[in-house]
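Colleague: Following is a predicted model, sequence given first.
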Amino acid sequence: MKKRFTLFVLILLNITNIMAQNKAKVLVLIHSDNGGTYELAKEIAKGIESGDNATAIIKQVKESQNSKLSNIPVARVDELPAYDGIAFGSPVYFGNISTGMSEFLSKTVDLWTNHALEGMPATVFMSAGSGAGKELAIQSFWNSLAVHGMVLVSNGIRGYEGINHSIPQGNTVLGTTTMASLKDVERPTKDEKQLAQLQGKNFAKIALALKGTINKKEIAITEKPQNFNQILKEKGIILPEVPKPAGNYKPFVRSGNLIFINQVALKDGKILNPGKLGITVNEQQVKDAAKVTILNVLSVLNEAVGGDLSKVKQCVQLTGIFNTKDDYTNHAGLMNTASDLVVEVFGDKGKHARATLGASSLPVNSSVEIQAIFEIE
Ligand SMILES: Cc1cc2nc3c(=O)[nH]c(=O)nc-3n(C[C@H](O)[C@H](O)[C@H](O)COP(=O)(O)O)c2cc1C
């Protein structure tokens, strides 16, 4: 009896596996700032899975701080050829694709030169504000996908008859849009959602029909080193001179690929805003001191990499020590000034583990000391 049950389960698993293999695997790849594109993406995905001939997975092109979007997985460029079709979605920026989507596409040069997406179906949906230039935006999205040799799947006038024509709707013949800043009704409207589902359903049919006709390749993507010195320049961030050690120690030590740095709020040979928080200095003054301190850290780091910050692989950890009274608890708020600056410069590579603590006194009466660990090449 037990044997028969095991056999039954095995056959069932096998059938499920075969069924899954026969379905098209579609990536719904989005960039979204405020969530409008994500709302459409969910409807596109629903439509893709509605005919039971395809599975859909929603991913985004980069991490988002927006709580509505922060749980969506981030896609890697090199995984794109593994799918049977890609539905692209982004906000409309000046009648064009969004900067986030454009940045992601700019990393697909290796896929392009290796013909990795040629023949793969693609479709586009977008979230606009007023809707100005929405067709232009989809068309310019199509330009990039056409250069990749993808099969562009339009919407035509699919679903037009069923929509409420008394309010503006985001239907276009190229793909579905929504117009987030028209607050006459909730956006995406019921009809825009329906159009997105129809687009997804049609796309799944095409992805399945073309499944297996694309020569799948594994492409090794060579990531271009990021020029963090240039990013500093563009953001107008000027690194101070490397502070001289005040004792028998070095500004940094390299151990393996890790750089260890400790700095206080020294600016032009003097400590900026010295003293204890709540007695001689206020929170804003300590935040200003934390900014000066992290700039000192970055200046030392720059020296450690011989002036080429593109060698930085990761900010591993920051520890912020603040001169505070015993009952002070908002150390995290003070330290964010330093953390934000590191992430602003290094992006994902700037995201670090962190500790903050209060001290009853700090060297040379600085209100803050920061310890930093960076991984470099
Ligand atoms: C830089 C920028 C340019 C924009 N340009 C347009 C535009 O040309 N037309 C339009 O309708 N909306 C435009 N918008 C508005 C966005 O498309 C709109 O807010 C969209 O719903 C955002 O999508 P999301 O909710 O997925 O972030 C622009 C927004 C930004 C930030």
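Modeller: Received it, and whenever you're ready, just let me know what you need.
Colleague: Pretty sure Pro243 sits in a helix.
Modeller: No: counting by DSSP: H, G, I helix; E, B strand; the rest coil, Pro243 is not found in a helix; it is coil.
Colleague: Might you report the residue contacts of it?
Modeller: Pro251, Gln263, Leu266, Asn296, Ser299, Val300 (Cβ atoms under 8 Å, 6 or more residues apart in numbering). C-betas here are computed from N, CA, C, even on glycine.
Colleague: From those, which land in helices?
Modeller: The helices, defined by DSSP state H, take in Asn296, Ser299, Val300 from the contacts of Pro243.
Colleague: Most neighbours among those residues, which one?
Modeller: Most neighbours among those, by other Cβ atoms under 10 Å: Asn296, with 25 neighbours.
Colleague: How much space separates that one from the ligand?
Modeller: 34 Å (Cβ to the nearest ligand atom, to the nearest Å).
Colleague: thinking again about what came up before, could the contacts of Pro243 be laid out in JSON lines, adding pLDDT?
Modeller: JSON lines is the format used below for these (pLDDT from 0 to 100):
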{"residue": "Pro251", "pLDDT": "94"}
{"residue": "Gln263", "pLDDT": "97"}
{"residue": "Leu266", "pLDDT": "96"}
{"residue": "Asn296", "pLDDT": "97"}
{"residue": "Ser299", "pLDDT": "97"}
{"residue": "Val300", "pLDDT": "97"}
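Colleague: Looking at the residues you listed, spot the one nearest the ligand.
Modeller: Proximity of those to the ligand was ranked by Cβ to the nearest ligand atom; the top entry is Ser299 with 32.9 Å.
Colleague: got a list of what the closest one touches?
Modeller: Contact partners of Ser299, counting by Cβ under 8 Å, 6+ apart, are Leu239, Pro240, Glu241, Val242, Pro243.
Colleague: Show the buried residues in the residues you listed.
Modeller: Buried members of these, counted by 16 or more other Cβ atoms under 10 Å: Leu239, Val242, Pro243.
Colleague: Name the residues of the protein found near the ligand, please.
Modeller: Residues of the chain found near the ligand (Cβ under 6 Å from any ligand atom) are 32-37, 91-95, 127-133, 180.
Colleague: For ChimeraX, write the select line for the buried members of those residues.
Modeller: Applying 16+ other Cβ under 10 Å to the residues of the chain next to the ligand leaves a buried subset, and the ChimeraX line that selects it is:
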select :32,33,35,36,37,91,92,93,127,128,129,131,133,180
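Colleague: Restricted to strands, list the residues of the chain next to the ligand.
Modeller: Among those, DSSP state E puts Pro91, Val92, Tyr93, Ser127, Ala128 in strands.
Colleague: In this structure the second one contacts Ser127, no?
Modeller: So the one you mean is Val92. Yes: in this structure Val92 lies within contact range of Ser127 using Cβ atoms under 8 Å: 7.0 Å.
Colleague: what touches both of those two?
Modeller: The contact lists of Val92 and Ser127 share Thr177, where a contact means Cβ under 8 Å, 6+ apart.
Colleague: Report how many residues lie close to the residue nearest to Leu362 when sequence neighbours are not counted.
Modeller: For Leu362, the nearest residue in space outside its immediate sequence neighbours is Asn323; the separation is 4.7 Å by Cβ to Cβ, 6 or more residues apart in numbering. Close neighbours of Asn323, defined as other Cβ under 10 Å, add up to 26.
Colleague: The one 3 residues further on too?
Modeller: For Asp326, the tally of surrounding residues (other Cβ under 10 Å) stands at 6.
Colleague: Can you give me every residue that contacts it?
Modeller: Gly358, Ser360.
Colleague: what does Phe260 give?
Modeller: Going by Cβ under 8 Å, 6+ apart, the list of residues near Phe260 reads Phe252, Val253, Arg254, Gln371, Ala372, Ile373.
Colleague: ok so the last one is a strand residue?
Modeller: Yes: following the definition three-state DSSP, Ile373 is counted among the residues of a strand.
Colleague: Make TSV from the ones in helices among the contacts of Pro243 and add distance to Gly47 to it.
Modeller: Below are the ones in helices among the contacts of Pro243 laid out as TSV (distance: Cβ to Cβ, whole Å):
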residue	distance to Gly47
Asn296	54
Ser299	53
Val300	54
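Colleague: Right, I'll leave it there.
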